[in-house]
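Visitor: Below are the sequence and a predicted model for it; my questions follow.
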Amino acid sequence: MDHAHHHESTESLKTALDPTSHSIKDYVPLLVVFAFIAASSATHVFLMGNTLINWSMAIMGYFFLFFALFKFIDLPGFKEGYTHYDLIAKRVPTWGYVYPFVELALGVLYLLNFQNPVLYFLTILITVINVISVSIKLAKKEKFMCACLGTILKVPLTTVTLIEYGVMGLMAGGMLLI
C-alpha cells in the first residue's frame, strides 16, 4: 500500500470514528437495525411458534447476526475502533478480528435453537465484558464512536450501547431460568 493511499484510508477511518462528526440522525441506522431485528424475530416466531423461548432465541440470534454483519463490512475499521475501548481488544488486538466471528457464531446458534447453558453463559460473559468496557470509557467522559455497528453506520458510544449489551446479557440470564 503506498503512503498516500494509507494516509487516505487512515483519515477516512478517523472521520468514521470521530464522535464530533455525528448528529441525532446517526441514531436512525440503529433504529433501522432494531426494526429489522424485530421484523426478522416476528417472522421467525410466526414460523416456529409464539413462545417466550422462541422470541428470546430469535431476538438474540438476529441481534448478534445483524451486529456481526456490519462489523464484517469493514473488519479492519471495526478492529481499530474496538481496540479503543474493549478490555480484551486493548490487550490482545487480534480479538478485534475474532469478535465478529464470535457474534456470528452466537447468532447462528441461537437461530438454530441451540438451547444450552454453555451458550447462555458465554453470552453473559461477552456482554458483561462489553458493558464493563463501555462503562469505563463513558466514565472517563471520552467521546468516541461505538464500533458495535462497525464504521459504516456511525453511532456514538453512549448509554445506548450499555443498554443493548445489558439487555442481551439479561436475556441470556433469563434463558438459563426458562
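Guide: Nice, thanks for sending it over.

Visitor: Residue 120 - nearest residue in space that isn't next to it in sequence?
Guide: Using Cβ to Cβ, 6 or more residues apart in numbering and skipping the chain neighbours, the partner closest in space to residue 120 is residue 172 (4.4 Å). The way it works is simple: take the backbone N, C-alpha and C, and place the C-beta from them, glycine included.

Visitor: Okay, and the one you found sits in which element?
Guide: helix 159-177 (DSSP states H and E).

Visitor: hmm, back to that, neighbours around the residue nearest to residue 120, how many?
Guide: Neighbourhood size, residue 172 [other Cβ atoms under 10 Å]: 24.

Visitor: Likewise for the one 4 residues further on?
Guide: By other Cβ under 10 Å, 12 other residues sit near residue 176.

Visitor: do you know how far it is from residue 92?
Guide: 28 Å (Cβ to Cβ, to the nearest Å).

Visitor: Enumerate every residue touching residue 60.
Guide: 106, 107, 110, 123, 168, 171, 172, 175 (Cβ atoms under 8 Å, 6 or more residues apart in numbering).

Visitor: Next, format the residues you listed as TSV and append distance to residue 69 and pLDDT.
Guide: Formatted as TSV, these follow (distance: Cβ to Cβ, whole Å; pLDDT from 0 to 100):
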residue	distance to residue 69	pLDDT
106	13	97
107	9	97
110	15	97
123	18	96
168	16	89
171	20	92
172	20	93
175	23	91
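
Visitor: Considering these, which possesses the most neighbours?
Guide: residue 110 leads the contacts of residue 60 on contacts (other Cβ under 10 Å) with 26 neighbours.

Visitor: helix or strand for the closest residue to it other than its chain neighbours, which one?
Guide: Distances taken as Cβ to Cβ, 6+ apart put residue 61 closest to residue 110, at 3.3 Å, once the chain neighbours are dropped. Using DSSP H and E, residue 61 falls within helix 52-73.

Visitor: CA atoms only: put that helix into PDB for me.
Guide: What follows is helix 52-73, C-alpha atoms only, in PDB (Å, rounded to 0.1, in the frame of the first residue of the first chain):
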ATOM      1  CA  LEU A  52     -41.200 -17.000  25.200                       C
ATOM      2  CA  ILE A  53     -38.200 -19.200  24.300                       C
ATOM      3  CA  ASN A  54     -38.800 -18.800  20.600                       C
ATOM      4  CA  TRP A  55     -38.900 -15.000  21.000                       C
ATOM      5  CA  SER A  56     -35.800 -15.000  23.100                       C
ATOM      6  CA  MET A  57     -33.800 -17.200  20.700                       C
ATOM      7  CA  ALA A  58     -34.900 -15.200  17.700                       C
ATOM      8  CA  ILE A  59     -34.200 -11.800  19.200                       C
ATOM      9  CA  MET A  60     -30.800 -12.900  20.500                       C
ATOM     10  CA  GLY A  61     -30.000 -14.700  17.200                       C
ATOM     11  CA  TYR A  62     -30.900 -11.800  14.900                       C
ATOM     12  CA  PHE A  63     -29.200  -9.200  17.200                       C
ATOM     13  CA  PHE A  64     -25.900 -11.000  17.000                       C
ATOM     14  CA  LEU A  65     -26.300 -11.800  13.300                       C
ATOM     15  CA  PHE A  66     -27.100  -8.200  12.200                       C
ATOM     16  CA  PHE A  67     -24.500  -6.700  14.500                       C
ATOM     17  CA  ALA A  68     -21.800  -9.100  13.200                       C
ATOM     18  CA  LEU A  69     -22.800  -8.200   9.600                       C
ATOM     19  CA  PHE A  70     -22.000  -4.600  10.000                       C
ATOM     20  CA  LYS A  71     -18.600  -5.400  11.600                       C
ATOM     21  CA  PHE A  72     -17.700  -7.600   8.600                       C
ATOM     22  CA  ILE A  73     -18.300  -4.800   6.100                       C
END
